[in-house]
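1. This is the structure alone, sequence omitted:
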């Protein structure tokens, strides 16, 4: 299926890592896997997972204020604890947290995404075959794989039936717009039965978007924690934490500033991607004031610069402008992002298109511009007067360069 057009147009999604790991504030699933805490202590967190202040409508309102167009909630992480009353397996939170979440998002016009891990480090049938994939190191951890000679193929088939049953429930009950898989590195694609699972999903909703951790059946790439230097081919999103943790950890106070988040966002969409920005609610269901403030700050900036965000595509390749840029759908307006106060002028190289005007987005100010130099087919440099201090944005200023036709960009090496 072709990529659903809503996804590249969304620009911002919210990732929500919510689970029992928020009770003690330990790394989600990994605290058990690495031995940071014992399996027994990790699993005992279920007793403190109250979700007593869980308010998905408040979440959806916040995400909409942030400028997001979709969200992705961890329906089940690697620890095997489901956030809905599943009929498969024994580990779940004892109530349905996903149904109200899906309903609240749709009430606000947001697309519904669900995260689901292929792996389950607490299921008795999971660690029953050894990986034949590239990440053979997983065979050394008994939560992932049995020792050599200890494989049980029949048990593995039972595990796949459990996984496929849970994914089927998610599809039948909630009809998500997007499924965000994880854990794929622990087995080879054929071991996972990816084709069968994808066919089951798409039989319910052929328009479901799948991330790249559905391997050959994925629709888009999901780099984590750093803007790629060379963007992936095709659609993609950058997955990024607000602090250093995916789930709630009270001791992690290293929050990125709103200015930093605006920069990450601009660099992602300027390279043709989305930003999937993560929050980690507390065990009782609240998104922290620190994370709330950053989402609202980012949303305020997006609202003031919406024309340069939604309905745009990747802008100029590297080398034409010192910063990211986006391009309107009709290719007649180029948006230049300025993170710092420019001195005297803003330079753009390689523009062949005739400029009608340059203005500061969100302000009434128009800026003078001129072009000098150039030889034959090689255009000169376009110089745009720097905005006045009063027209600069606190986080990032955006200039709209309007052409009399579509963008025409020189990409050659110059005259010898």
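-> Sure, I can see it. On a predicted model such as this, the values are computed, not experimentally measured, just so you know.

2. Name the spans of this protein whose pLDDT lies under the cut-off.
-> Within the chain, the ranges that satisfy pLDDT under 70 run 1, 416.

3. which one's the longest helix in it?
-> helix 153-174 (DSSP state H).

4. which other residues reach that helix?
-> Contacts with helix 153-174, where a contact means C-beta atoms under 8 Å, 6 or more residues apart in numbering, come from 75-76, 82, 84, 86-89, 98-99, 102, 112, 114, 116, 118, 120, 123-126, 128-129, 176, 179, 191-193, 196-197, 200-201, 204-205, 208. The C-beta positions use only the backbone N, C-alpha and C, and glycine is treated the same way.

5. For it, what is the distance to the chain centroid?
-> Remark: helix 153-174 is offset 25 Å from the chain centroid, using C-alpha atoms, centre = their mean, to the nearest Å.

6. This protein: helices as residue ranges?
-> Going by DSSP H, the chain shows helices at 6-10, 30-33, 39-43, 56-65, 98-107, 153-174, 189-192, 194-204, 258-270, 289-304.

7. Pull out the buried positions in the fifth one.
-> Spelled out, that is helix 98-107. By 16 or more other C-beta atoms under 10 Å, the buried positions in helix 98-107 come out as 98, 100-102, 104-105.

8. just the residues you listed now: which is nearest residue 183?
-> residue 98 (18.7 Å; C-beta to C-beta).

9. Quick check: the closest one vs residue 32, distance?
-> Residue 98 sits 23 Å away from residue 32 when distances are taken as C-beta to C-beta, to the nearest Å.

10. How about residue 313?
-> As judged by C-beta to C-beta, residue 313 and residue 32 stand 42 Å apart.

11. what about these two, which has more around it?
-> residue 32 (24 against 14; other C-beta atoms under 10 Å).

12. Please report the distance of the spatially closest residue to that one that is not a sequence neighbour from residue 79.
-> Among residues not flanking residue 32 along the chain, residue 42 sits closest, at 4.0 Å (C-beta to C-beta, 6 or more residues apart in numbering). Noted for residue 42: a distance of 7 Å to residue 79, by C-beta to C-beta.

13. Overlap in contacts, the two.
-> Common contact partners of residue 42 and residue 79 (C-beta under 8 Å, 6+ apart): 20-21, 32.

14. Would you mind giving these as a markdown table with distance to residue 293 added?
-> Below are the shared contacts of residue 42 and residue 79 laid out as a markdown table (distance: C-beta to C-beta, whole Å):
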| residue | distance to residue 293 |
| --- | --- |
| 20 | 26 |
| 21 | 23 |
| 32 | 31 |
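
15. Please identify which of these is nearest to residue 236.
-> So of those, ranked by how close each gets to residue 236 (C-beta to C-beta), first place is residue 21, at 27.1 Å.

16. ok, how many other residues are close to residue 150?
-> 12.

17. Could you number the chain from 45 rather than 1 from now on?
-> Will do, 45 is the new start, and the previous item becomes residue 194.

18. Phi first, then psi, for it.
-> phi -110, psi 20 (degrees, to the nearest 10).

19. Tell me who's in contact with the spatially most central residue of the chain.
-> Centroid check for the chain by C-alpha atoms, centre = their mean gives residue 320 as the closest residue, at 2.2 Å. By C-beta under 8 Å, 6+ apart, the contact set of residue 320 is 57-59, 116, 266, 281-284.

20. Identify the bridge partners of it.
-> On the basis of DSSP bridges, residue 320 is bridged to residue 57, residue 283.

21. and it, how far is that from residue 230?
-> 22 Å.

22. Kindly report the same for residue 355.
-> 39 Å.

23. neighbour-wise, which of those two wins?
-> Using other C-beta under 10 Å, the more surrounded residue of residue 355 and residue 230 is residue 230, with 25 against 13.

24. ok, the more buried one - contacts?
-> Residue 230 is in contact with 162-163, 175, 177, 179, 182, 188-189, counting by C-beta under 8 Å, 6+ apart.

25. Which single one of those is nearest to residue 395?
-> Once C-beta to C-beta is applied, the member of the contacts of residue 230 that ends up nearest residue 395 is residue 179, at 45.9 Å.
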